[in-house]
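Participant: need coordinates for the following:
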Amino acid sequence: MKYEVVKTDITVVGGGLAGVCAAVAAARLGRTVSLVQNRPVLGGNSSSEVRVWVCGATAHGAHRYARETGVMGELFIENQFHNIDGNPYFWDVTILETVRAENNIQLFLNTDVHDVDAEGHEENRSIRSVTGWMMGSERRIRFESEMFLDCTGDGLVGFLAGAKYRIGREARHEFNEEWAPESADDITLGSTILFYTKDVGHPVKYKPPSFAKDITQTSIPMKRVIQSGDNGCSYWWIEWGGELDTVHNNEQIRDELWSAIYGIWDYIKNSGKFDADNMTLEWVGALPGKREYRRFIGDYVLNQNDIVAQRPFEDRIGFGGWSIDLHPPQGMYSTESGSKHLHVNGIYQIPFRSLYSINTSNLLFAGRDISASHVAFGTTRVMATCAVIGEAAGTGAALAVEKGVSPRELYTHHMKELQQLLMRQDASIIGLKNEDPLDQALKASISASSTLTRIAVENPIKASPLTMDVGLLFPVEPGFDSLELLVGVTAATELQVELWRPNRAENYVPEQFVKAISIPVSIGEQQWVKCDLSWKPDEVQNAFIIIKANENVTLYTSDQPQTGVLCFSRGSGRPVTKELEDTNFEELIPKWPMRHFHRTPICFRLDLPTSAFNPAKVINGYNRPYGGPHMWSSEAMVAEKPEWLELTWQQPVNISSIHITLNDDVNEDLINLHHHLTPFEVIPELVKDYKLQAWSNGEWITLATETNNYKRKHIYQLNAPVHTDRIRLVIASTNGCPRAEVVEIRVYEYRS
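Facilitator: Residues are numbered from 1 along each chain as shown. Okay, here's the model as predicted:
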C-alpha cells in the first residue's frame, strides 16, 4: 500500500457538478485545489453512469432569461457546441476537459474518502484533513487544506467531521411551510436507476431475469406513463427507497429498482400492448441516482416561504428556478402522481449563509446537502442549481483562504466583495450591479457605430389564429404612445388588448394590471392595427401585453426574433381578467408557456424610439436581463461594414486585462442530454468574428482577434500593460443574429 499526503489550499470532496464548479471557480482565483471523486468519471448524477439530464432555473423553459452563466453556463455552451445530440460519454468529456484545463486543480478519481481528522468541541469544530482510498491503485491519500468543501451529496465529510445536519422532513410549524407534514419524520425522496433502449431493425426476443418484477401486480401500469420509445429520464418516476435509509440501504434499493426496470421492459416487450418487436435494452444503470440524504445546518436554513416570496437576500450568491418538486414516499408504487410541483413567478435567491456549517469553521457545502428545509430542497436539489451553488462555495472558499478568515467571517465582513468577485467571474447572480472599484470601464465614456432604437418585428412568415390569449413582452425605456399589431380579420369584430406589468424585474409574467382597450377591426389580411396603450412608467421595466382570444382574428409570426422581446400563449385557454392580479402565484408560470412562439415572435411595432439598447448598457453594471435586456445592440449589420463599441477615458489607463461578455441569449434553454434538442450548435446571438483594439501612437493596434467564436465570456490577459485612452471592440460578424450584441466590457489596470 502506498501512503501519500497532498497539501492544497482547498479540498473539494465530490465530483458532481457542484464539486466541479467549486473546484474550477477556486482554481481560477489562484487557489490550489484537490478535487476528490469516488467514481471513475465526473458529473455525478449527470454522468454517463447515471444519465440524469441537468435541470436548473429555466425549469425546462418555464422561466425566461434564467439559464445559468458562470462555470455551469460554460458547460452548457461547450456541450452544445461539441455534443449537440446529447451523447452521455461526450458530456463526461466536456466536464473532464473543463477540469483538466485548470492547472491549479489536482484531480483524484476513484478515491473514496472514509476518514476525517477534525478537532474542537461540538459547537466549534475544524477539519485538519480527510483521507481516502484510491480504488484500483492501492493508494491511501491524506488531503490537508485550510478549507474543505463537502460536495458529496450524501454529506459524508461533514458527517464524519461532526457538522450538524438533518435527515427527513421538518414539521410544518418549524418554518410555517404549507407543504411540510404536520409532524417531522425521516422520509426522504427515493433513488432512481434509468435505462436506454434502441431499435436494432430486426426482431429481438426478451426473456426476463428471475428477479424481474411482474409489474401488472403493482399500480405501475395504471399510475405511470410507459411507452416503448422512451429513454432515460422519461422514466424518472422509477423511484424507490424514500421510506428507507437511502445510504445504508443503497444495495437493497438498487436491487428493487433493477427488478422494476427488467419487469417494465418485460411488460413493454411481451405484453403485446406496445410496438417493441425490434427494440432492445441498450443500457441499464448500475448506480442508484440519489435525490436526498443529509442536509447540513448553516447560519440560515432556506425554506419554502423564502422561495415563494422570492426573498431578495442581502447575501445572495446565486439563483434557482425549478419548481418545489416533491415525490411520494412510496415512489413508483404510490397511487399518487409521481411528483407534485409548486411554481413561483420567477427565479429565487440563495443566501451564502446556507453554504457553510454552523459549527464547523472551515467547512462549506454545495449541492443537495446545503442548509435548506426538506421543502426548499425540493427545488435547490436540481443539478444546474447545485452547480451555481458550487461556484459560489468555491469562490467563497478561495476568498476566505486569501483573507485568512472563516466563511462566517467572510459573510460578516466581506460579503459585498464576494458578490462582486462572483459577478466578475460571470456567475449566476441577478439584481446586483457591478461596483468593482478596480473596473476602469465604469469610469469610461462609451460610444458605438450604431444603436438599435426601434423595437419592431415586421417580417411575417406564418399566420397564427388567435384561438387563445397571447402575451407579448418588451422593454419600456422610456415609454410608448401606442403599438401596432399585424392582424388578419375574417369578420368585423373588436380586438381586446390589455397592458400589464411584472411586479419584479426578474419576473416575466403579467402580475399587475395597468389598462385595457377595445379596438374595432374590419375584414382584411395583414393589416396593421393601432393600439393606443400609452405608457411612460417612472422606472425602466418590461411591459406585458395580453391580446385576448378572438376566433375572427389571426396574428402573424416572424422567424427573426428580437432580443428583449418574448411571446407567450395562454396555456389553458382560460381567459385572463383583471382578477388575475389576485391569483395565487403558482397559477401564472404554468399558464404562460412560450413554446408556441419560441424564436418566432408575433409581428408588432412600437411608435417611439427606445434607449433600451444604447451603448451605456455595456457599462451600467448588469450582465443579465433584469427589468430589461441590459446590453448594447447595433442596428442591422451590413456586410463589409463592421460595428464597433469604443470606450474613452479622460486620462490614459495602463490596461492589463479586458473582460468581454457577449450575448448568448440566456433565454435559450440548453440541456446536456436528451430532454429536448436545440437545433443549432452555436447561439445565433453570439458574436462570431471580432477584434479588440487600443489607440496607440495615432493608430489602432490589435490586442486580440477572435474567429468562429461560440462562447459568452472572454478574458484577455495582455502580455504587457497597454497605455491608452481608448479601446475598441470591432465586430465583423455574428453567428446568425442580424445585429451585434454585447452585454458587458470590463477593463483592469496593471497592478504591481
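Participant: burial count for Ser210?
Facilitator: Ser210: 7 surrounding residues under other Cβ atoms under 10 Å. Heads up, the C-betas are built off the backbone N, CA and C, glycines and all.
Participant: how about the one 3 residues further on?
Facilitator: Burial of Lys213 is recorded as 19 neighbouring residues (other Cβ under 10 Å).
Participant: residues contacting it?
Facilitator: Counting by Cβ atoms under 8 Å, 6 or more residues apart in numbering, Lys213 makes contact with Ser259, Ala260, Tyr262, Gly263.
Participant: where's the closest residue to it other than its chain neighbours relative to Lys269, distance?
Facilitator: In this structure, Lys213 finds its nearest non-sequential neighbour in Gly263, 3.7 Å apart by Cβ to Cβ, 6 or more residues apart in numbering. For Gly263, the distance to Lys269 equals 11 Å [Cβ to Cβ, to the nearest Å].
Participant: mind checking what helix or strand follows the lowest-mean-pLDDT helix or strand in the chain in sequence?
Facilitator: Least confident helix or strand of the chain, by mean pLDDT, DSSP states H and E, is helix 588-591 with a mean of 67. Of the helices and strands lying after helix 588-591 in sequence (DSSP states H and E), the nearest is strand 604-606.
Participant: centre of the chain to that following strand, how far?
Facilitator: Distance, stretch centre to chain centre, for strand 604-606: 31 Å (Cα atoms, centre = their mean, to the nearest Å).
Participant: elements contacting it?
Facilitator: Counting contacts by 3 or more Cβ pairs under 8 Å, 6 or more residues apart in numbering; DSSP states H and E, strand 604-606 packs against strand 456-457, strand 483-489.
Participant: and those strands as a markdown table, adding mean neighbour count and mean pLDDT?
Facilitator: Shown next, in a markdown table, are the helices and strands packed on strand 604-606 (neighbours: other Cβ atoms under 10 Å; pLDDT from 0 to 100):
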| stretch | mean neighbour count | mean pLDDT |
| --- | --- | --- |
| strand 456-457 | 20 | 98 |
| strand 483-489 | 22 | 98 |
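Participant: want to throw those into CSV with distance to Phe313?
Facilitator: Formatted as CSV, these follow (distance: least, Cβ to Cβ, whole Å):
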stretch, distance to Phe313
strand 456-457, 37
strand 483-489, 37
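Participant: can you tell which of these is closest to Trp91?
Facilitator: strand 456-457 (35.3 Å; Cβ to Cβ).
Participant: residues making contact with the closest one?
Facilitator: Counting by Cβ under 8 Å, 6+ apart, Ser558, Gln560, Pro561, Gln562, Val565, Pro601, Ile602, Cys603, Phe604, Arg605, Leu606 sit against strand 456-457.
Participant: cutoff 6 Å now
Facilitator: Ser558, Gln562, Pro601, Cys603, Phe604, Arg605 (Cβ atoms under 6 Å, 6 or more residues apart in numbering).
Participant: could you do stretch 533-540 as well?
Facilitator: Stretch 533-540 is contacted from outside by Glu477, Gly479, Asp481, Leu499, Gly627, Gly628, using Cβ under 6 Å, 6+ apart.
Participant: and the residues you listed, which two are furthest apart?
Facilitator: Farthest apart among these by Cβ to Cβ are Asp481 and Gly627. That separation is 21.1 Å.
Participant: neighbour count for the two, which is higher?
Facilitator: Gly627 (19 against 13).
Participant: strand partners of the longest strand anywhere in the chain, parallel vs antiparallel please.
Facilitator: When the chain is parsed with DSSP state E, its longest strand is strand 713-734. Using DSSP bridges, strand 713-734 pairs in its sheet with strand 643-662 (antiparallel), strand 687-696 (antiparallel).
Participant: that one - what's its average pLDDT?
Facilitator: Averaged across strand 713-734, the pLDDT comes to 97.
Participant: what's the answer for stretch 292-300, then?
Facilitator: Stretch 292-300 comes out at a mean pLDDT of 98.
Participant: go on, stretch 346-360?
Facilitator: Averaged across stretch 346-360, pLDDT comes to 98.
Participant: check stretch 605-619 too.
Facilitator: Average pLDDT, stretch 605-619: 98.
Participant: buried stuff in it?
Facilitator: For stretch 605-619, a neighbour-count test (16 or more other Cβ atoms under 10 Å) marks Arg605, Leu606, Asp607, Leu608, Thr610, Ala612, Phe613, Asn614, Pro615, Lys617, Val618, Ile619 as buried.
Participant: likewise for stretch 403-422?
Facilitator: Applying 16+ other Cβ under 10 Å to stretch 403-422 flags 405-408, 410-411, 414-415, 418-422 as buried.
Participant: reformat these as TSV; add secondary structure, distance to Cys233 and pLDDT.
Facilitator: As requested, these are exported to TSV (DSSP: H, G, I helix; E, B strand; the rest coil; distance: Cβ to Cβ, whole Å; pLDDT from 0 to 100):
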residue	secondary structure	distance to Cys233	pLDDT
Val405	coil	41	98
Ser406	coil	39	98
Pro407	helix	34	98
Arg408	helix	38	98
Leu410	helix	37	98
Tyr411	helix	36	98
His414	helix	40	98
Met415	helix	37	98
Leu418	helix	34	98
Gln419	helix	34	98
Gln420	helix	37	98
Leu421	helix	35	98
Leu422	helix	30	98
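Participant: nearest to Arg353, of those residues?
Facilitator: For the buried residues of stretch 403-422, the nearest to Arg353 is Tyr411 (5.9 Å; Cβ to Cβ).
Participant: tell me which of the buried residues of stretch 605-619 fall in strands.
Facilitator: Those of the buried residues of stretch 605-619 lying in strands (DSSP E): Arg605, Leu606.
Participant: and stretch 398-410, how far from the chain's centre?
Facilitator: On Cα atoms, centre = their mean, the centre of stretch 398-410 falls 27 Å from that of its chain.
Participant: who touches it?
Facilitator: Asp9, Ala26, Leu29, Arg31, Glu146, Met147, Tyr356, Ser361, Leu364, Gly396, Leu418.
Participant: buried ones among those residues?
Facilitator: Buried among those (16+ other Cβ under 10 Å): Asp9, Ala26, Leu29, Arg31, Glu146, Met147, Tyr356, Ser361, Leu364, Gly396, Leu418.
Participant: which residues does the closest residue to the first one other than its chain neighbours contact?
Facilitator: What it means is Asp9. Closest residue to Asp9 apart from its sequence neighbours, by Cβ to Cβ, 6+ apart: Arg31 at 4.2 Å. When contacts are counted by Cβ under 6 Å, 6+ apart, Arg31 is found next to Asp9, Ile10, Ala398, Val401.
Participant: now swap in Asn552 and tell me
Facilitator: Applying Cβ under 6 Å, 6+ apart, the residues contacting Asn552 are Thr490, Ala491, Thr493.
Participant: which of those residues are buried, as a PyMOL select command?
Facilitator: Remark: buried members of these, expressed as a PyMOL selection using 16+ other Cβ under 10 Å:
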select buried, resi 493
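Participant: what's the closest of the contacts of Asn552 to Arg368?
Facilitator: Comparing these against Arg368 with Cβ to Cβ places Thr493 closest, at 52.9 Å.
Participant: beta partners for the closest one?
Facilitator: Counting by DSSP bridges, Thr493 forms beta bridges with Val521.
Participant: and what of Ser569?
Facilitator: Val470.
Participant: related to what we said a few turns ago, can you redo the contacts of stretch 398-410 as a markdown table with distance to Asp315 and secondary structure?
Facilitator: Shown next, in a markdown table, are these (distance: Cβ to Cβ, whole Å; DSSP: H, G, I helix; E, B strand; the rest coil):
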| residue | distance to Asp315 | secondary structure |
| --- | --- | --- |
| Asp9 | 23 | coil |
| Ala26 | 19 | helix |
| Leu29 | 19 | coil |
| Arg31 | 21 | coil |
| Glu146 | 22 | coil |
| Met147 | 18 | strand |
| Tyr356 | 11 | strand |
| Ser361 | 18 | coil |
| Leu364 | 14 | strand |
| Gly396 | 10 | helix |
| Leu418 | 8 | helix |
